[in-house]
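Participant: here is the input, now give the coordinates:
(one chain, ligands or ions: 3)
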Amino acid sequence: MSILLPTNLQQCPSSSFPSSSPLLSPSPSTVFSVTVPPRRCLRLVTSCVASVQSSVANGSAPASVIVERDQIRLGLPSKGRMAADSLDLLKDCQLFVKQVNPRQYVAQIPQLPNTEVWFQRPKDIVRKLLSGDLDLGVVGLDTLSEYGQENEDLIIVHEALNFGDCHLSIAIPNYGIFENINSLKELAQMPQWSEERPLRVATGFTYLGPKFMKENGIKHVTFSTADGALEAAPAMGIADAILDLVSSGTTLKENNLKEIEGGVVLESQAALVASRRALTERKGALNTVHEILERLEAHLKADGQFTVVANMRGNSAQEVAERVLSQPLLSGLQGPTISPVYCTQDGKVSVDYYAIVICVPKKALYDSVKQLRAVGGSGVLVSPLTYIFDEDTPRWGQLLRNLKQ
Ligand SMILES: Nc1ncnc2c1ncn2[C@@H]1O[C@H](COP(=O)(O)OP(=O)(O)OP(=O)(O)O)[C@@H](O)[C@H]1O
Ligand SMILES: O=P(O)(O)OC[C@H]1O[C@H](OP(=O)(O)OP(=O)(O)O)[C@H](O)[C@@H]1O
Ligand SMILES: [Mg+2]
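Facilitator: Ligands and ions are numbered 1, 2, ... in the order given. Reported below is the predicted structural model:
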């Protein structure tokens, strides 16, 4: 998004982002100061913003009535980190997004004939959910919190899609006056910060940043924003600290920055989000979300598990079951499936072995195999699981309860 701010906004002396409007954020190229504001100044800024709202709506003015249309709209990230992973996840759920060309911003999912996919930048997905231009969307929880600003129309349908993992965290230099500072508390208590010389934080999270500082009682703080490469700001002398996303931690390390205890604002990964209004008022939206959710839950549950099959000598299924269940990792989803293995010897059919089938968490595979061997398991076969469809989908029940509130 690029919005040119009128000069009167850029000249607001000590300013804050409007506390409740995701409709307008500053031009990405504009670096300016934001502080947890005195009341008078907030009013000043709000009036600056009001003067541009009439000309820049960003497609997200909350509509008062729901606009009729036949198709349910699902927003997916158009590019960046989340784009390919979103498509891959849907593919793993047998939902194939037919996008003829990456520059085409609308696509179909043949398995969901009443649904169309719209590719948008993550922050615009949130804005368009709020405006009613999208019904469902896949975004990071960080983007949802920053641009959704706790709006009650936004419902998280699935909060853990298993990609886009990162956290939003404060980082400070690991040298100079910060060398021995290791927690938010210590940072806040540094004698350097005062009303005249506040702690300067560079961030792209201009809603969550001031909110977090306020919640943590940090008064003397100002914020500046930039498009990216925020990790350079402390070394350039522009900021004392940064508030940015971290996943591997490499960027912080390479720029001599460190995270501090108590400095994590939120943990994030990709989530499926819906507009409450769409789910309650748009025909077909609830059915679509139910189907997507069932597929997601079945796939994501299976994704963390292996099927393990082993043979075990024994006198009866009961006796084998007791041996298997004596091991903590071998209880499977509901319990092990144990079936007789029929062998012929001298023309006679007998049962000397039993086959055990269990699901084990991927992380516990090797320990499970060791436990199986310890109780006499042999010929262990391991294969990936594709789907686990439970009797019901727990998040579906949660969603229905949430919609009734
Ligand atoms: N290391 C990371 N850094 C930034 N984002 C990450 C990281 N790991 C996962 N993510 C997720 O990816 C999202 C960022 O994706 P991307 O960079 O494509 O978008 P963006 O920078 O927010 O959008 P735009 O380029 O339109 O401003 C984040 O909101 C977060 O949910
Ligand atoms: O912990 P890491 O794995 O190093 O990842 C964190 C970095 O990745 C993101 O930047 P991005 O690559 O989007 O570049 P940008 O800062 O220019 O937006 C984020 O803003 C951090 O700078
Ligand atoms: Mg980016």
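
Participant: chain neighbours aside, what residue packs nearest to Q371?
Facilitator: Closest residue in space to Q371, ignoring its immediate chain neighbours: Q327 at 3.9 Å, by Cβ to Cβ, 6 or more residues apart in numbering. For glycine as for every other residue, the C-beta is placed from the backbone atoms N, C-alpha and C.

Participant: for G204, same thing?
Facilitator: What sits nearest to G204 in space, not counting adjacent residues and going by Cβ to Cβ, 6+ apart, is T225, at 6.0 Å.

Participant: give me the element W193 is part of.
Facilitator: Element membership of W193, judged by DSSP states H and E, is empty: it is in no helix or strand.

Participant: please apply the same query to F306.
Facilitator: Using DSSP H and E, F306 sits in strand 305-313.

Participant: the closest residue to ligand 1 within the stretch 251-400 of the chain and ligand 2: what is the separation?
Facilitator: Residue of the stretch 251-400 of the chain nearest ligand 1, by Cβ to the nearest ligand atom: S268 (5.0 Å). When Cβ to the nearest ligand atom, to the nearest Å is the yardstick, S268 and ligand 2 sit 11 Å from each other.

Participant: okay, now that residue: neighbour count?
Facilitator: Number of residues near S268 (other Cβ atoms under 10 Å) recorded here: 22.

Participant: need the contact list for it.
Facilitator: Residues near S268 by Cβ atoms under 8 Å, 6 or more residues apart in numbering: 140-142, 164-168, 245.

Participant: which among those are in contact with ligand 1?
Facilitator: 140, 142, 164, 166, 245 (Cβ under 6 Å from any ligand atom).

Participant: would you list those residues in JSON lines and tack on neighbour count and distance to Q104?
Facilitator: As requested, these are exported to JSON lines (neighbours: other Cβ atoms under 10 Å; distance: Cβ to Cβ, whole Å):
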{"residue": "G140", "neighbour count": "26", "distance to Q104": "23"}
{"residue": "D142", "neighbour count": "23", "distance to Q104": "27"}
{"residue": "G164", "neighbour count": "24", "distance to Q104": "23"}
{"residue": "C166", "neighbour count": "18", "distance to Q104": "28"}
{"residue": "L245", "neighbour count": "20", "distance to Q104": "29"}
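
Participant: which one of those sits closest to R295?
Facilitator: Proximity of those to R295 was ranked by Cβ to Cβ; the top entry is G164 with 18.7 Å.

Participant: I'd say the closest one and L144 touch.
Facilitator: No: taking Cβ atoms under 8 Å as the contact criterion, G164 and L144 are not neighbours in contact, 11.3 Å apart.

Participant: now do the same for the residue nearest to G204: its pLDDT.
Facilitator: In the predicted model, T225 carries a pLDDT score of 96.

Participant: surely it meets A202?
Facilitator: Yes: in this structure, T225 sits in contact with A202. The criterion is Cβ under 8 Å, and the distance is 7.0 Å.

Participant: how far away is the residue lying farthest from the centre of the chain from ligand 2?
Facilitator: Taking Cα atoms, centre = their mean as the measure, the residue most remote from the mean C-alpha position of the chain is D346, 61.3 Å away. In this structure, D346 and ligand 2 are separated by 65 Å, where distance is defined by Cβ to the nearest ligand atom.

Participant: let the chain start at 210 from now.
Facilitator: All set: I'll call the first residue 210, so the last point we hit is now D555.

Participant: need phi/psi at that residue.
Facilitator: Dihedral angles phi and psi of D555 (degrees, to the nearest 10) take the values phi 50, psi 40.

Participant: distance of it relative to D561?
Facilitator: In this view, D555 and D561 are 13 Å apart by Cβ to Cβ, to the nearest Å.

Participant: could you list the low-pLDDT ranges of this structure?
Facilitator: 210-273 (pLDDT under 70).

Participant: just the helices in it please.
Facilitator: Assignment of helices within the chain using DSSP state H yields the ranges 216-219, 248-262, 290-301, 331-340, 350-357, 393-397, 417-424, 442-445, 459-463, 485-490, 494-512, 526-534, 574-583, 603-613.

Participant: quick one, what contacts the closest residue to C375 other than its chain neighbours?
Facilitator: Closest residue to C375 in three dimensions, ignoring its sequence neighbours and counting by Cβ to Cβ, 6+ apart: S456, at 4.1 Å. In this structure, S456 makes contact with 374-376, judged by Cβ under 8 Å, 6+ apart.

Participant: now, among those residues, which is nearest to ligand 2?
Facilitator: Where the contacts of S456 are concerned, and distances follow Cβ to the nearest ligand atom, ligand 2 has its nearest neighbour in C375, at 6.9 Å.

Participant: interface residues of the stretch 460-609 of the chain facing ligand 1?
Facilitator: Within the stretch 460-609 of the chain, the positions lying close to ligand 1 (Cβ under 6 Å from any ligand atom) are S477.

Participant: kindly report the same for the stretch 210-359 of the chain.
Facilitator: Proximity of the stretch 210-359 of the chain to ligand 1 (Cβ under 6 Å from any ligand atom) is limited to residues 289-291, 330-331, 349, 351-352.
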